[in-house]
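A.B. asks: kindly return the folded structure for what I paste below:
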Amino acid sequence: MLADKVKRVAVWQAAAAAAAAFAVAGCGSSSHHRTSKTVAVHSVTASAALTTMSVAKAGTLSVVLHAPTTEPKVGVGWPITVEAHTPAGKPVNGTVSYAFIFGGAIVARRPGGQMREGVFHDHLEFPAQAVGYPLTLEVIVEGEGSRGSTRRPVKAER
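C.D. replies: Predicted coordinates for the structure are as follows:
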């Protein structure tokens, strides 16, 4: 468990460093335009405590990401829940992974874990180096012989 948390923090630090490198190199000038094109997000449900967003299907699995906000706090576990099902509505057993996107380019990938009965829970921690960078979190689910994903814009706050 501790090793998983250390790995999680190291990946976030690598993503933040890569995002900073892109911003310093001037690649961030088109990030807002490219991000808005590539992140086709629509709200499914919303409440004061929980935001749910999903994207058009990639492959045949429908994937939904639940998170309390799009602005996670630095150093605090950001609780997420991922749900996935087949077009027939069957809950998926499979693997969850993450891709972190900045300016339209993937700057880091990391494994998530095993999804069972169509549900996966995780806590992601953002390092201080990620503050202010407009990242996109892509959650990818593979299982039942298919693949699906959803994207969420995120910006870490202090």
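A.B. asks: helices along this structure, start to end?
C.D. replies: Using DSSP state H, the helices of the chain run over 2-24, 31-38.
A.B. asks: and the shortest one, average pLDDT?
C.D. replies: Along helix 31-38, the predicted confidence averages to a pLDDT of 25.
A.B. asks: sorry, back to before: least reliable of the helices of the chain by average pLDDT, please.
C.D. replies: helix 31-38 (a mean of 25).
A.B. asks: so what's Arg109 up against?
C.D. replies: 97-100 (C-beta atoms under 8 Å, 6 or more residues apart in numbering). Where you see a C-beta, it was placed from the backbone N, CA and C, and this is true even at glycine.
A.B. asks: who wins on neighbours among these?
C.D. replies: Sorting the contacts of Arg109 by how many neighbours each has (other C-beta atoms under 10 Å) puts Phe100 first, at 25 neighbours.
A.B. asks: pLDDT weak spots in this structure?
C.D. replies: Counting by pLDDT under 70, the chain contains low-confidence residues at 1-59.
A.B. asks: for it, longest strand please?
C.D. replies: Using DSSP state E, we find that the single longest strand of the chain is strand 105-115.
A.B. asks: picking that back up, closest to Gln114 among the contacts of Arg109?
C.D. replies: Ser97 (10.9 Å; C-beta to C-beta).
A.B. asks: I'm done for today, thanks for sticking with me.
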